[in-house]
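> Please find the sequence and the predicted model below.
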2 protein chains.
Amino acid sequence: MKIGVIGGGQLGRMLALAGTPLGMNFAFLDPAPDACAAALGEHIRADYGDQDHLRQLADEVDLVTFEFESVPAETVAFLSQFVPVYPSADSLRIARDRLLEKSLFRELGIPTPAFADILSQSDLDRAVAEIGLPAVLKTRTLGYDGKGQKVLRDPADVVDAFAELGSVPCLLEGFVPFSGEVSLVAVRGRDGETRFYPLVHNTHEAGILRLSVVSADHPLQALAEDYVGRVLERLDYVGVLAFEFFEVEGGLKANEIAPRVHNSGHWTIEGAECSQFENHLRAVAGLPLGSTAKLGESAMLNFIGEVPPVVEVLGLDECHLHHYGKAFKVGRKVGHATLRCADRAGLERQIAAVQALQGQS
Amino acid sequence: MKIGVIGGGQLGRMLALAGTPLGMNFAFLDPAPDACAAALGEHIRADYGDQDHLRQLADEVDLVTFEFESVPAETVAFLSQFVPVYPSADSLRIARDRLLEKSLFRELGIPTPAFADILSQSDLDRAVAEIGLPAVLKTRTLGYDGKGQKVLRDPADVVDAFAELGSVPCLLEGFVPFSGEVSLVAVRGRDGETRFYPLVHNTHEAGILRLSVVSADHPLQALAEDYVGRVLERLDYVGVLAFEFFEVEGGLKANEIAPRVHNSGHWTIEGAECSQFENHLRAVAGLPLGSTAKLGESAMLNFIGEVPPVVEVLGLDECHLHHYGKAFKVGRKVGHATLRCADRAGLERQIAAVQALQGQS
């Protein structure tokens, strides 16, 4: 079976590493000459709107999936004429637009911060009056890793904020005084079978995920599964979906969904019986889902900007390196390490050891 | 770091799957147009004696390693002029020649079946008179998966046996009434650091490995490590080496060594903290070795001739498919499944379930 992937970054690379042992081949459509997934499959170097090359991809593969959600709707619609596309155009449309996403949460009874649709500075002024400060102004589409958003703390921050984000459609979100950020990675098959990985506690810095620690028997696991299950069912979703929540006074408020394999699920490569990457491929290919059970205690640390010397990372016990083969660049995700330990104390020690390599301790 | 691999079959493919997350790239030199490792790296399609292409490989990579031992000595010598080659020419020379291999065992005090060098039918007649029947006549080089050998049970089998194996240099081995076959996979770094995986019990059919079951606290582990350690040290070996033994009356008799990653070590991908493939690459690249500790109880079942329907293999819990992407052909290794279970009873159940898919139960 040949799988077409829109995007050829590290998520595509890890999909190919998981799918090759299942007998799958891969083609990646990505305009970047140095797309790091290209080492593991065919690289169709073209823009996401290039219909000739999209058609070529569709003709070559059995199905198409995505490694990022900011795919133009036209691309998805075009591909869908020729080849099965998972997740569906509708799932992508909603997940890439913060207004549609938040509206879906509200419609499904999933708590989420107060929000308002912002199409102008006067919309923003009105919404700030209603929701209050602090609040966060985010572009409705194309934001990631803290890009495309601005925190509004004082009235002065509000002035011209709409123009500062490019005068594009935005969403204002009320600030949530959360005690933690958690994510739930789920997978749903073509037949509706759904499985959930354990909740993961995430730590961000400057909007970029730094550390994910897998929880054991988190008291909010069942609640999170309930919320995520509602979204999966409504969207008739196929594949892996990640759902980020704020932990708020013993409950959860929905932050956002990602209709793809997710950075906070990278620990599953070593830490779960079947990884999110393999499970995504099983789901889109109509194969039985794999077990989401965890093995031991796990954590994932991102390498941002640079990977510490390989000899040092591999010198740590229970540490697994994932080097994306990308050029090092400030603020860029270029690799990660996963830790899988027998117990929590060992995990904490090893987290500190990796952080020391990153110059963070 | 770019790694050159002589051979582009499934062992090369699994080396690339293990090395890509370490930031390594791969080039495979293999004359076969459909070399299955080619999906994961550059494919230099050339004969193993093609010096122009060997030179191209040497110029492109940081070091060269092998996925099979029947590499012409001239190939290794030629490459060694331009690029580091691991394991060494000497290690390969000995491992690919049954006479040199057995002589080394004898020299190092490692018990091995009686053997004799056979260069003619009269040599064979004399050796049979001395060693007795049953015995096994094997070509000194190029044998694998039961090919290049003949079991001699009666005097009638001895007549013309030398010609039947092609009148090439052979070894006669006394038959060992063994109770089991076990193998030890070891890895030795450039600095001499050595680690051993647990002993694995192997079951062959028609000369081809079918099932490997990892032992827990095998009483002969320490003895096997002692024997393997002697060979590794004498050869100043770098990389993974597999050592096959016969279990004989509570002791071990050396059968043969393979100077490479080995089929009986495939279980390590899921079943050990660091796989034999990653550890081989760590060793040849001069990186710290990874832990050889096992995770749970593991087994590996080969798929010979065909892979059962993927949907059925993936429907089994705790089962991991490794499909080599090779054309199906009678007697050809085209994939394997690994099982990693919490306990022995679960493992036995799952072995039976995979065997049922193979039509063996």
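Good, I have the coordinates. Numbers count the residues shown, from 1 in each chain, chains lettered A, B, ... in the order given.
> Show me the helices in the stretch 1-150 of chain A, by range?
With helices called from DSSP state H, counting those that start in this stretch, the stretch 1-150 of chain A shows them at A:10-19, A:51-60, A:73-80, A:89-95, A:98-107, A:121-131.
> tell me which parts of the stretch 1-150 of chain A are close to chain B?
A:Arg13, A:Leu17, A:Thr20, A:Pro21, A:Leu22, A:Gly23, A:Asn25, A:Ala39, A:Leu40, A:Gly41 (C-beta under 8 Å from any C-beta of the partner chain). For every residue, glycine as well, the C-beta is placed using N, CA and C.
> For those residues, which single residue is the most surrounded?
A:Arg13 (28 neighbours; other C-beta atoms under 10 Å in any protein chain shown).
> Quick check: pLDDT value at it.
According to the prediction, A:Arg13 has pLDDT 98.
> now A:Ala18
For A:Ala18, pLDDT reads 98.
> Check A:Asp145 too.
At A:Asp145, pLDDT is 65.
> for the helices of the stretch 1-150 of chain A, which one ends up most surrounded?
Most buried of the helices of the stretch 1-150 of chain A, by mean neighbour count (mean count of other C-beta atoms under 10 Å in any protein chain shown): helix A:10-19, with a mean of 27.
> one step back: quick one: closest of the helices of the stretch 1-150 of chain A to B:His201.
Taking C-beta to C-beta, helix A:10-19 is the member of the helices of the stretch 1-150 of chain A nearest to B:His201, at 29.3 Å.
> In CSV, list the helices of the stretch 1-150 of chain A along with distance to A:Ala283.
As requested, the helices of the stretch 1-150 of chain A are exported to CSV (distance: least, C-beta to C-beta, whole Å):
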stretch, distance to A:Ala283
helix A:10-19, 12
helix A:51-60, 20
helix A:73-80, 17
helix A:89-95, 12
helix A:98-107, 20
helix A:121-131, 37
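> looking at those helices, which is closest to A:Ala242?
Among the helices of the stretch 1-150 of chain A, the nearest to A:Ala242 by C-beta to C-beta is helix A:89-95 (9.9 Å).
> Could you export the closest one as CSV, CA atoms only?
Taking Å, rounded to 0.1, in the frame of the first residue of the first chain, the C-alpha atoms of helix A:89-95 are listed here in CSV:
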residue,chain,number,x,y,z
ALA,A,89,-12.1,17.6,4.3
ASP,A,90,-14.7,18.6,6.9
SER,A,91,-12.5,17.6,9.8
LEU,A,92,-9.6,19.6,8.4
ARG,A,93,-11.8,22.6,7.7
ILE,A,94,-13.0,22.7,11.3
ALA,A,95,-9.7,22.0,12.9
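> Give me the contacts around that helix.
Contact with helix A:89-95 is made by A:66, A:69, A:71, A:73, A:76-77, A:80, A:100-101, A:104, A:235, A:237, A:241, A:257-259, as judged by C-beta atoms under 8 Å, 6 or more residues apart in numbering or on different chains.
> Could you list which residues are in contact with A:Gly265?
A:Ser183, A:Val185, A:Tyr197, A:Val200, A:Val240, A:Ala242, A:Ser275, A:Gln276.
> try it again with 7 Å
By C-beta atoms under 7 Å, 6 or more residues apart in numbering or on different chains, the contact set of A:Gly265 is A:Val185, A:Tyr197, A:Ala242, A:Gln276.
> Equivalent analysis for A:Leu133, please.
A:Leu152, A:Arg153, A:Asp154.
> how about the nearest residue to the last one, chain neighbours excluded?
Nearest non-adjacent residue to A:Asp154, counting by C-beta to C-beta, 6 or more residues apart in numbering or on different chains: A:Leu133, 6.9 Å away.
> Same check on the second one?
On the basis of C-beta to C-beta, 6+ apart, the spatially nearest residue to A:Arg153 that is not a chain neighbour turns out to be A:Pro134, at 4.8 Å.
> give me the number of residues near the one you found?
A:Pro134 has 15 nearby residues by other C-beta under 10 Å.
> Kindly report the same for the one 5 residues further on.
Taking other C-beta under 10 Å as the neighbour definition, A:Thr139 ends up with a count of 19.
> now do A:Gly305
With other C-beta under 10 Å as criterion, A:Gly305 counts 14.
> Verify the stated contact: A:Gly290 with A:Glu278.
Yes. With contact defined as C-beta atoms under 7 Å, A:Gly290 reaches A:Glu278; the gap is 5.9 Å.
> Find the closest residue to chain B in the stretch 251-361 of chain A.
At 3.3 Å from chain B, A:His323 is the closest residue in the stretch 251-361 of chain A, using C-beta to the nearest C-beta.
> mind listing what the closest residue to that residue other than its chain neighbours touches?
Nearest non-adjacent residue to A:His323, counting by C-beta to C-beta, 6+ apart: B:Gly23, 3.3 Å away. With contact taken as C-beta under 7 Å, 6+ apart, B:Gly23 is in contact with A:Val310, A:His323, A:Gly325, B:Met1.
> same question, A:Thr20
B:Leu17, B:Ala39, B:Leu40.
> on that earlier part again, can I get the contacts of B:Gly23 in a markdown table with neighbour count, secondary structure and pLDDT?
Shown next, in a markdown table, are the contacts of B:Gly23 (neighbours: other C-beta atoms under 10 Å in any protein chain shown; DSSP: H, G, I helix; E, B strand; the rest coil; pLDDT from 0 to 100):
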| residue | neighbour count | secondary structure | pLDDT |
| --- | --- | --- | --- |
| A:Val310 | 19 | helix | 96 |
| A:His323 | 21 | strand | 98 |
| A:Gly325 | 21 | coil | 96 |
| B:Met1 | 16 | coil | 96 |
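> Taking those residues, tell me the two that lie furthest apart.
A:Val310 and A:Gly325 (11.9 Å).
> Give me the residue at the spatial middle of chain A.
A:His262 (3.4 Å; C-alpha atoms, centre = their mean).
> give me the element the closest residue to that one other than its chain neighbours is part of.
Using C-beta to C-beta, 6+ apart and skipping residues adjacent in sequence, the residue nearest A:His262 is A:Ala242, 3.3 Å away. With elements taken from DSSP states H and E, the one containing A:Ala242 is strand A:239-248.
> what distance separates that strand from the centre of its chain?
Relative to its chain's centre, strand A:239-248 lies at 9 Å (C-alpha atoms, centre = their mean, to the nearest Å).
> what comes up buried for it?
By 16 or more other C-beta atoms under 10 Å in any protein chain shown, the buried positions in strand A:239-248 come out as A:Gly239, A:Val240, A:Leu241, A:Ala242, A:Phe243, A:Glu244, A:Phe245, A:Phe246, A:Glu247.
> What is the subsequent helix or strand relative to it?
Next helix or strand after strand A:239-248 toward the C-terminus (DSSP H and E): strand A:251-258.
> tilt between that following strand and strand A:239-248?
Put simply, strand A:251-258 runs at 150 degrees to strand A:239-248, going by axes from the mean of the first three to the mean of the last three C-alpha atoms, to 10 degrees.
> Please name every helix or strand in contact with whichever helix or strand comes after strand A:251-258.
Remark: after strand A:251-258, the chain's next helix or strand is helix A:268-271, criterion DSSP H and E. Using 3 or more C-beta pairs under 7 Å, 6 or more residues apart in numbering or on different chains; DSSP states H and E as the contact test, the elements touching helix A:268-271 are strand A:333-341.
> on that earlier part again, among the contacts of A:Leu133, the buried ones, what's the PyMOL command?
With 16+ other C-beta under 10 Å as the burial test, the buried ones among these are selected in PyMOL as follows:
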select buried, chain A and resi 152
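> Restricted to strands, list the contacts of A:Leu133.
A:Leu152 (DSSP state E).
> Go back to the contacts of A:Thr20 and keep what's next to chain A.
B:Leu17, B:Ala39, B:Leu40 (C-beta under 7 Å from any C-beta of the partner chain).
> contacting residues for A:Gly286?
A:Gly286 touches A:Arg190, counting by C-beta under 7 Å, 6+ apart.
> so it, which of the three states?
Under DSSP: H, G, I helix; E, B strand; the rest coil, the three-state class of A:Gly286 is coil.
> And it, how far from A:Met14?
Using C-beta to C-beta, to the nearest Å, one obtains 21 Å as the distance from A:Gly286 to A:Met14.
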